[in-house]
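K.L.:
sequence-free structure coming up:
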């Protein structure tokens, strides 16, 4: 007995793949689009072994979603250092695909802060904040680097901030070159007569 997807595949205008996959291990994630992305484009994170025909057949057979075109690109990851070895390496790249859908799909809007309280949003936010703090501390222990925002403010930095504040309060009293417009140039050095007999 044929399934509805199989019947629709027979009537499809373009050929539909019939590749059978048993016990699949691949993971396909739909990524929330950017604000300026039209609703007929859907972005997916797919394995590197996936091609355009695979994502088209997957969406058609599993979700009965028709796709007119697919664009794919590979995102290279940033260089990272291995723990304890301190050797640079590049993690495995990630593959993204943008499918052009026949029927547009609009993502639901994000819930407000008050509506998120029903889903333990505060607890998850606290956990995420603590996790970020632990990651920063572990990075500091591993690499011995302190972020500039965590450094103590020195005296010279505070004096520079005060001078910058004074300059911003009255910029009209300053001229090019760092001298006040009311002041005049004055000679600092005195002419010295040199002995020419040498």
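P.N.:
Received the coordinates, thanks. What you are looking at is a predicted structure, and each value in this text was computed from that prediction instead of being measured. Numbers count the residues shown, from 1 in each chain.
K.L.:
and after the helix or strand bottoming out on mean pLDDT in the chain, which helix or strand comes next?
P.N.:
In the chain, the helix or strand scored least confidently by mean pLDDT, DSSP states H and E is helix 4-11, which has a mean of 58. Counting by DSSP states H and E, the next helix or strand C-terminal to helix 4-11 is strand 29-31.
K.L.:
What segments of the chain are strands?
P.N.:
Assigned by DSSP state E, the strands in the chain fall at 29-31, 41-46, 67-75, 80-81, 88-89, 94-101.
K.L.:
Give me the sheet partners of the fourth one and which way each runs.
P.N.:
Think strand 80-81. According to DSSP bridges, strand 80-81 forms sheet pairs with strand 88-89 (antiparallel).
K.L.:
do the last one as well
P.N.:
Here strand 94-101 has these sheet partners by DSSP bridges: strand 41-46 (antiparallel), strand 67-75 (antiparallel).
K.L.:
Quick one: closest of these to residue 161.
P.N.:
Nearest to residue 161, of all the strands paired with strand 94-101, is strand 67-75, at 39.9 Å by Cβ to Cβ. C-betas here are computed from N, CA, C, even on glycine.
K.L.:
Identify the residues contacting that closest one?
P.N.:
When contacts are defined by Cβ atoms under 8 Å, 6 or more residues apart in numbering, strand 67-75 is touched by residues 46, 48, 51-52, 55-56, 59-60, 93-102.
K.L.:
Please check those residues and keep the buried ones.
P.N.:
Among the contacts of strand 67-75, those classed as buried by 16 or more other Cβ atoms under 10 Å are 46, 55, 56, 59, 60, 95, 97, 98, 99, 101.
K.L.:
need the contact list for residue 119.
P.N.:
residue 111.
K.L.:
Relative to residue 113, how far out is it?
P.N.:
For residue 119, the distance to residue 113 equals 11 Å [Cβ to Cβ, to the nearest Å].
K.L.:
and what of residue 106?
P.N.:
Residue 106 sits 22 Å away from residue 113, going by Cβ to Cβ.
K.L.:
chain center to the longest helix seen in the chain, what's the gap?
P.N.:
What stands out as the longest helix in the chain, according to DSSP state H, is helix 121-143. Helix 121-143 has its C-alpha centroid displaced from the chain centroid by 18 Å (Cα atoms, centre = their mean, to the nearest Å).
K.L.:
One more: stretch 40-57?
P.N.:
Its chain's C-alpha centre and that of stretch 40-57 lie 21 Å apart, by Cα atoms, centre = their mean.
K.L.:
Wait, residue 60 touches residue 53, no?
P.N.:
No. Using Cβ atoms under 8 Å, residue 60 is not in contact with residue 53, being 10.5 Å away.
K.L.:
Next up, the contacts around residue 100.
P.N.:
40, 41, 67, 68, 69, 70.
K.L.:
Give the bridge partners for the second one, please.
P.N.:
Yep, that's residue 41 we're talking about. residue 100.
K.L.:
Give me the neighbour count for it.
P.N.:
Neighbourhood size, residue 41 [other Cβ atoms under 10 Å]: 16.
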